[in-house]
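>>> when you get a sec, could you give me coordinates for this:
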Amino acid sequence: METCERCGHPLGVGRYCLDCGHPAPGAGPTDTAERPAVVDPSRPAEGPAPPPPVLHAPAQPRFPLYADEVRGPRPSGPPPAYAPSGHRAPGSSRPGWLPWALGAVALVLVATLGVVLLVTGGGDDEGSAKDPAPTPTPTSEAPTPTPTPTPTPTPTPSEPAEPGEPENVARLATAKVPRTAPPNTDVDGNLVRYEARNLLDGVATTCWRMPGDGSGSTITLSLGAETTLTQVGMVNGYAKSSPDGDRTLDWYRGNRRVLVAEWSFDDGTTLTQNLEQTRRLQTIDVDSVTTSTVTLRLVEVSAPGSGRSARNYTAISDVALVGTPA
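Below is the predicted model:
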């Protein structure tokens, strides 16, 4: 068997050495063979023609690809020992066990921290709702006695008037009226009722009213128990106004108003009250009469007003009964 002229490696079948890529003897002309010179006929001959340039053909595929990097003969001696995966060649250094131990410790610490966070919750939702009470630190000293807190006095709610002090007891009464006008809607579309209880609610902008002229009509007010009255009175019309665009609807002037009223009590006492045309509460003094019923008779009533607020209803916004329960 022939050997390579360059590296001495045994040649096999082929035109090149399988080790270094050198052409094998007898492989025929190579790409580096000289080529005949090309003479330009248009150029006059002057002396000897220069040697033709050596043209190199494109590099041929070589096998193996790193064979042209080999310089000189192959190193003699046996090939280096092969170590299977997971084993080290004799004489090689082995890393110590310390990195593995440190890694195991780190994993244990991370796992421990995760367990602690799961047990304690780890969030601040509970703390934002209610802070946990601090755990007292045990000491060798005797515990300090906790002072007894001074009880805070409970505020006393507003007490009713002292016995004998007059007050408006109309809120304790009930009213029986002759007739009641049907409900209606105001300029804003709200439903408005004109029931008898509006006489006793202490609100001047609500009212009881009846259709037409209420002259001669009677309203009965029941106190539920004997009461010593010292003063009676009323708001003698519908004391309410409603804005309507650039004008105001005056329901006090538009409805009928009570001009003269008569108050009667259980003992037969009767008082006559002349009323002005004003929205304010008008009262009359009573000579300490004890009664459980008050009869209010409408003696004289005004005509209805004029304009857009005119309404043919007799109205009373409020009634006052000032006294003390017996």
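
>>> what's the mean pLDDT across the longest strand seen in the chain?
For the chain, the strand that runs over the most residues, judged by DSSP state E, is strand 282-301. Regarding strand 282-301, the rounded mean pLDDT is 97.

>>> quick one: contacts for Pro178?
If a contact means CB atoms under 8 Å, 6 or more residues apart in numbering, then Pro178 has 210, 214, 217-219 as its contacts. The C-beta positions use only the backbone N, C-alpha and C, and glycine is treated the same way.

>>> surely it is within a strand?
No - with DSSP: H, G, I helix; E, B strand; the rest coil as the criterion, Pro178 is coil rather than part of a strand.

>>> so for it, what's the pLDDT?
pLDDT for Pro178: 97.

>>> filter the contacts of Pro178 down to just the buried residues.
Among the contacts of Pro178, those scoring as buried are 210, 214, 217, 219 (criterion: 16 or more other CB atoms under 10 Å).

>>> just say helix, strand or coil for Leu109.
helix.

>>> begin at 623 from here
Yes, from this point I'll number from 623; that puts the last item at Leu731.

>>> from Val814, how far out is it?
Between Leu731 and Val814 the distance is 77 Å, computed by CB to CB, to the nearest Å.

>>> neighbour count for those two, which is higher?
Val814 (13 against 10; other CB atoms under 10 Å).

>>> can you name the element that comes right after the lowest-mean-pLDDT helix or strand in the chain?
None of the helices or strands of the chain scores lower by mean pLDDT, DSSP states H and E than helix 747-751, at a mean of 35. Remark: after helix 747-751, the chain's next helix or strand is strand 789-790, criterion DSSP states H and E.

>>> ok, for Val944, nearest residue in space, not its chain neighbours?
For Val944, ignoring the flanking residues on the chain, the nearest one in space by CB to CB, 6 or more residues apart in numbering is Gln853 at 3.9 Å.

>>> and Arg819, by the same measure?
Arg819 sits nearest to Ala797 (CB to CB, 6+ apart), 6.8 Å away.

>>> give me the domain ranges for the protein.
For the chain, automatic domain parsing gives the domain ranges 623-655+678-693, 789-947.

>>> okay, those in JSON lines with distance to Pro721 next?
Listed next are the domains of the chain as JSON lines, based on distance: least, CB to CB, whole Å:
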{"stretch": "domain 623-655+678-693", "distance to Pro721": "36"}
{"stretch": "domain 789-947", "distance to Pro721": "85"}
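
>>> one step back: closest to Gln899 out of the contacts of Pro800?
Gly836 (15.6 Å; CB to CB).

>>> secondary structure class for that closest one?
Per three-state DSSP, Gly836 ends up coil.

>>> do the same with Leu821
Relying on three-state DSSP, one would call Leu821 helix.

>>> just checking, the residue nearest to Val944 touches Ala792?
No - using CB atoms under 8 Å, Gln853 is not in contact with Ala792, being 11.0 Å away.

>>> and the two? which has more neighbours close in?
Neighbours were counted for Gln853 and for Ala792 using other CB under 10 Å; Ala792 has more, 23 against 14.

>>> so the more buried one sits right up against Gly824, yeah?
Yes - applying CB under 8 Å, one finds Ala792 in contact with Gly824, separated by 7.4 Å.

>>> shared neighbours, those two?
Joint contacts of Ala792 and Gly824 (CB under 8 Å, 6+ apart) are Asp940.

>>> if we ignore the residues flanking it in sequence, what's nearest Met856?
In space, and not counting its chain neighbours, Met856 is closest to Val941: 5.0 Å by CB to CB, 6+ apart.

>>> show me what contacts that neighbour?
Contacts of Val941 (CB under 8 Å, 6+ apart): 792, 797, 821-822, 843, 854-856, 918.

>>> got any ranges where the stretch 773-922 of the chain has weak pLDDT?
In the predicted model, the stretch 773-922 of the chain carries pLDDT under 70 at residues 773-786.

>>> which stretches in the chain count as strands?
All strands of the chain, identified by DSSP E, fall at 789-790, 796-798, 806-807, 813-814, 830-833, 840-857, 863-866, 869-872, 880-887, 892-896, 904-923, 935-938, 940-947.
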